[in-house]
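Participant: Next one to model:
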Amino acid sequence: MRTRVTVTVDEDAVRAAEDAVAAGRAPSVSAWVASAMSERAHRENLAVVLAEIRAELGPATDEETAWARSVLGL
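Facilitator: Got it, this is the predicted structure:
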C-alpha cells in the first residue's frame, strides 16, 4: 500500500532527486524519496540489531572489525 505525504526538504535534495530521475537512476522523484526513506529505515533497524549484539557479546575485536569492513567494502 502506498500513502501520499507532504514534506518540506532542502532545495539541494530536490535537485539531487531530479538529477537522479534525469539520469535514469530513479523512475520518479517520489520513487527516489521512497527509496531513501526505506534505506534509512533499514539502517536504523540494523543499528538496533547491532546494539543488541554488542550488549549480548560485547564490542567487536579489532580483527572482527577489520573483517567486517573488508566484507562490506568500507
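Participant: Is the residue most central in space within the chain part of a helix or strand, or is it coil?
Facilitator: Note on the chain: the residue nearest the mean C-alpha position is residue 39, at 3.3 Å, using CA atoms, centre = their mean. Secondary structure, DSSP: H, G, I helix; E, B strand; the rest coil: residue 39 is helix.
Participant: Could you report the distance from it to residue 45?
Facilitator: Per CB to CB, to the nearest Å, residue 39 is found 11 Å from residue 45. C-beta here means a position set from N, CA and C on the backbone, and glycine is covered the same way.
Participant: what is the rounded mean pLDDT of stretch 60-68?
Facilitator: Averaging pLDDT along stretch 60-68 yields 94.
Participant: Count the neighbours of residue 17 for me.
Facilitator: By other CB atoms under 10 Å, the residues close to residue 17 number 21.
Participant: Now the helix or strand where it lies: buried residues?
Facilitator: Using DSSP states H and E, residue 17 maps to helix 11-22. If you call a residue buried by 16 or more other CB atoms under 10 Å, then helix 11-22 has these buried ones: 16, 17, 20, 21.
Participant: Who are the contact partners of the last one?
Facilitator: Neighbour list for residue 21: 27, 28, 29, 32 [criterion: CB atoms under 8 Å, 6 or more residues apart in numbering].
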